[in-house]
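Q: return a 3D structure for these sequence lines:
(one chain, ligands or ions: 3)
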Amino acid sequence: MSDYFKNINEIKFEGENSTNPLSFRFYDENKIVMGKKMKDHLRFATCYWHTFTWPGLDPFGGPTFDRPWMTSSDPLKMAEMKLNEAFDFFQKIKTPFFCFHDRDISPEGSNYKETQNNFFHIIDLMESKMEETGTQLLWGTANAFSHKRYMSGASTNPDPEVFAYKAAQVKDCMDATKKLGGSNYVLWGGREGYETILNTNMKLEMDNLRRFLELVVEYKHKIGFSGQILLEPKPHEPTKHQYDFDSASCLAFLRKAGLENEIKLNIEANHATLSGHSFEHEISYAIANEVLGSLDINRGDTLLGWDTDQFPNSVSELILPFYHIFSNGGLKQGGLNFDAKIRRQSIDPEDLFYAHIGGMDTCAKTLLATEKLLNDNILPEYIKKRYQNWGKDLGSFIHSKEASLESIQNKVIDDNIEPKPRSGNQEYLENILNKYL
Ligand code: XLS
Ligand code: CA
Ligand code: CA
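A: Ligands and ions are numbered 1, 2, ... in the order given. As a prediction, the model looks like this:
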């Protein structure tokens with residue numbers, strides 16, 4: 001069926017000692033870990049954009065990837081070829097899910113109607129491919145940032161015609177995501193932000209963003225889409241100031257709009273680090289506020305200050321994110337989407353496999369380490385002990401209705417309260433964590 005990947009067979013689990021670079025050493029999809037199959041915990045997705053659509057550009061150079069579906073002169077034919085190759089890849093790499101933007105899978109036509117026809121033509125073919133192969137959709141999303149009409153934003157554009165265009169595009173993409181049984185629908189801000197305040201009405205732009213999200217939620221209920229709607233934070237890129245900076249600013253925005261029970265977050269590792277946080281911070285913040293939806297799993301480069309979107313390759317970077325996720329019930333409807341791209345010098349078909357194998361093995365190895373960490377219960381016990389006094393008299397009093405600044409002050413004086421500092425034992429805990437890596 002496939003031409004491009006014809007020399008590569010399905011990737012199999014061969015165990016830790018395998019020397020075959022086209023095998024899994026840790027990802028054993030049916031292995032039971034913490035009571036569930038590995039594949040059901042990790043819910044891996046291949047992303048359509050970096051893996052099949054990005055041609056290997058950088059700001060100083062053009063495409064480096066030479067792929068048959070990037071060379072045909074007929075864009076719709078090219079989209080069909082891409083679909084075939086993509087599903088061949090999904091089956092061979094065995095990510096149970098995939099994710100796409102509307103523009104990754106089908107080309108724009110000369111007007112909206114033509115674009116819409118192209119899109120639903122591919123969606124119909126995609127539906128058959130999904131049935132044939134059993135591959136599922138983790139999430140769909142609309143690309144409202146690449147075309148020049150979106151250069152000044154989509155739902156935050158000064159021109160309501162651009163808002164309307166994006167709304168039309170998102171409607172189609174939500175319909176398609178529902179048709180394909182997607183578990184989630186993602187809204188990443190794209191160019192929802194600004195370059196200079198000199199030309200920007202921030203209040204109106206944010207109000208229009210709120211209006212857009214309201215319309216999305218209304219439509220979700222109207223069509224009975226059972227997936228989660230997710231907002232994806234990112235602090236910079238493409239605009240200097242992005243409105244959805246990080247988990248905290250997204251949540252504040254959602255609360256002001258009264259949408260905090262309708263929209264959750266899709267948190268990406270490299271976006272977390274760009275916002276000056278760690279991945280585990282963003283995840284824990286979302287868990288603490290009950291808005292964790294799904295994860296885009298990748299990594300940045302500590303020496304480069306931009307969104308390099310590399311495949312994850314370090315257990316020590318993933319252990320704390322996984323520890324928080326799996327001590328809180330796991331990914332549920334979410335998953336681990338490889339929003340990651342190979343380097344532009346990685347031009348062989350095998351390179352796409354090496355990258356995913358590395359990412360999947362790293363996650364699998366981290367899952368196994370997380371299981372031990374949770375079973376040994378040392379870290380949860382430590383935290384429990386550190387906060388235990390909140391469950392005792394004073395802690396309960398502070399949270400009770402009778403407490404006020406005056407009554408708390410009386411307690412301090414009457415009970416002669418003199419807090420004694422206690423160690424946070426950071427280095428001790430770091431040594432414990434290291435045992436699991
Ligand atoms: C870009 C984002 C994007 C979203 C989907 O940086 O990560 O790929 O995940 O639009
Ligand atoms: Ca992403
Ligand atoms: Ca990214």
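
Q: C-alpha from now on. contacts and neighbour counts both.
A: Fine.

Q: which stretch of helix or strand covers the closest residue to residue 309 other than its chain neighbours?
A: Spatially, and ignoring its direct neighbours in sequence, residue 309 is nearest to residue 340 (4.6 Å; CA to CA, 6 or more residues apart in numbering). Using DSSP states H and E, residue 340 is not contained in any helix or strand.

Q: again, but for residue 19
A: Assigned by DSSP H and E, residue 19 falls within no helix or strand.

Q: residue 359 too?
A: Using DSSP H and E, residue 359 sits within helix 349-376.

Q: again with residue 46
A: Going by DSSP H and E, residue 46 is in strand 44-47.

Q: give the pairing partners of that strand; include direction for each.
A: strand 97-101 (parallel), strand 336-338 (parallel) (DSSP bridges).

Q: would you format these as TSV with distance to residue 133 and mean pLDDT included?
A: Below are the strands paired with strand 44-47 laid out as TSV (distance: least, CA to CA, whole Å; pLDDT from 0 to 100):
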stretch	distance to residue 133	mean pLDDT
strand 97-101	11	99
strand 336-338	19	99
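
Q: where does the protein dip in pLDDT?
A: 1-2 (pLDDT under 70).

Q: nearest residue to the middle of it?
A: Closest residue to the average C-alpha location of the chain: residue 296 at 2.6 Å, with CA atoms, centre = their mean.

Q: is it in a bridge, and if so with what?
A: Going by DSSP bridges, residue 296 forms beta bridges with residue 268, residue 337.

Q: which one is residue 39 nearest to, not counting chain neighbours?
A: residue 29 (4.8 Å).

Q: pull the number of nearby residues for the residue nearest to residue 418 when sequence neighbours are not counted.
A: Leaving aside its sequence neighbours, residue 418 sits nearest to residue 412 (CA to CA, 6+ apart; 7.9 Å). Using other CA atoms under 10 Å, residue 412 has 13 neighbouring residues.

Q: would you mind writing the CA trace of the helix or strand containing residue 412 as PDB?
A: Per DSSP H and E, residue 412 falls inside helix 405-414. Below are the C-alpha coordinates for helix 405-414, written out as PDB (Å, rounded to 0.1, in the frame of the first residue of the first chain):
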ATOM      1  CA  LEU A 405      -8.100  37.400  61.700                       C
ATOM      2  CA  GLU A 406      -9.100  38.400  65.300                       C
ATOM      3  CA  SER A 407      -9.900  34.900  66.500                       C
ATOM      4  CA  ILE A 408      -6.700  33.500  64.900                       C
ATOM      5  CA  GLN A 409      -4.700  36.200  66.600                       C
ATOM      6  CA  ASN A 410      -6.300  35.300  69.900                       C
ATOM      7  CA  LYS A 411      -5.200  31.700  69.400                       C
ATOM      8  CA  VAL A 412      -1.700  32.800  68.600                       C
ATOM      9  CA  ILE A 413      -1.600  34.700  71.900                       C
ATOM     10  CA  ASP A 414      -3.600  32.300  74.100                       C
END
